[in-house]
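1. return atomic coordinates for the entry below.
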Amino acid sequence: MADVEQQKVVSLDRGLFFVSYKSADDLASPPRVTVVPTPGHEERMALIMHPDATEPTLWEPNEGLMVRVKTPGTLQIQVEPMRPGGSRAAMVRIEPIQSGRAPLAAQGESAAVQGNVAMDGIKILGHVAGRGDVVVAPNAWIAGPTAPSRIEG
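-> Predicted structure coming up:
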């Protein structure tokens, strides 16, 4: 008996989405997850993969890719076992990524506030691992190339 792939078609609106392979029941031989636009919807979206990836396949949990959707379309998610009789149980999540753009009214307000703020005399405090609190002026490193360390707060 041949293993049959699991397949789901998901409708996506215009936007940017993160497709992540969250988990699998069989961690020793997790199923692979392939993400492609449905036939006819290839021009509506672009897949953004890791530079080392050659195909839109997520081989194990904690891998992901981005989908940039220009006009609403559908995406096909296929889950296939890695070995005969293998598991097809995988959790895949598609999360929208917000643009972070401020509303037009707020953009005007922030420009007005920025114009009235003097940057002279401002100091920045950061707590650096192994060093403690460090205070610097604007455009200075708290823990940079000459003294790399983790900023903890």
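
2. what does the pLDDT read for the most centrally placed residue in the chain?
-> The centroid of the chain falls nearest to residue 18 when counting by CA atoms, centre = their mean (4.9 Å). Per-residue confidence at residue 18 stands at 95 (pLDDT).

3. could we number from 396 for the rest of this?
-> With the count now opening at 396, the last piece we talked about shows up as residue 413.

4. now do the contacts for the nearest residue to it once chain neighbours are set aside.
-> Leaving out its chain neighbours, the residue that sits closest to residue 413 by CB to CB, 6 or more residues apart in numbering is residue 490, at 4.9 Å. (Glycine included, C-beta is placed from N, CA and C.) Contacts for residue 490 were tallied using CB atoms under 8 Å, 6 or more residues apart in numbering; they are 412-413, 415.

5. about what we covered before: tell me the secondary structure at the residue nearest to the centre of the chain.
-> Recorded secondary structure, residue 413: strand (DSSP: H, G, I helix; E, B strand; the rest coil).

6. from residue 533, how far off is it?
-> Taking CB to CB, to the nearest Å as the measure, residue 413 falls 33 Å from residue 533.

7. so residue 438 sits in a helix?
-> Yes - remark: residue 438 belongs to a helix, assigned using three-state DSSP.

8. ok, it - contacts?
-> Here residue 438 is in contact with residue 465 (CB under 8 Å, 6+ apart).

9. my guess is residue 485 contacts residue 418. True?
-> Yes - using CB atoms under 8 Å, residue 485 is in contact with residue 418, at 7.2 Å.

10. what is in contact with these two at once?
-> residue 456.

11. more crowded one of the two?
-> residue 485 (23 against 15; other CB atoms under 10 Å).

12. how far away is that one from residue 424?
-> When residue 485 is compared with residue 424 (using CB to CB), they lie 12 Å apart.

13. do residue 460 as well
-> In terms of CB to CB, residue 460 sits 21 Å off from residue 424.

14. repeat that for residue 416.
-> Taking CB to CB, one finds residue 416 at 14 Å from residue 424.

15. between these two, which is the more surrounded one?
-> Using other CB under 10 Å, the more surrounded residue of residue 416 and residue 424 is residue 416, with 25 against 12.

16. run through the bridge partners of the residue nearest to the more buried one when sequence neighbours are not counted.
-> Once flanking residues are discounted, residue 416 sits nearest to residue 453: 4.1 Å by CB to CB, 6+ apart. When bridges are taken as DSSP bridges, the partners of residue 453 come out as residue 428.
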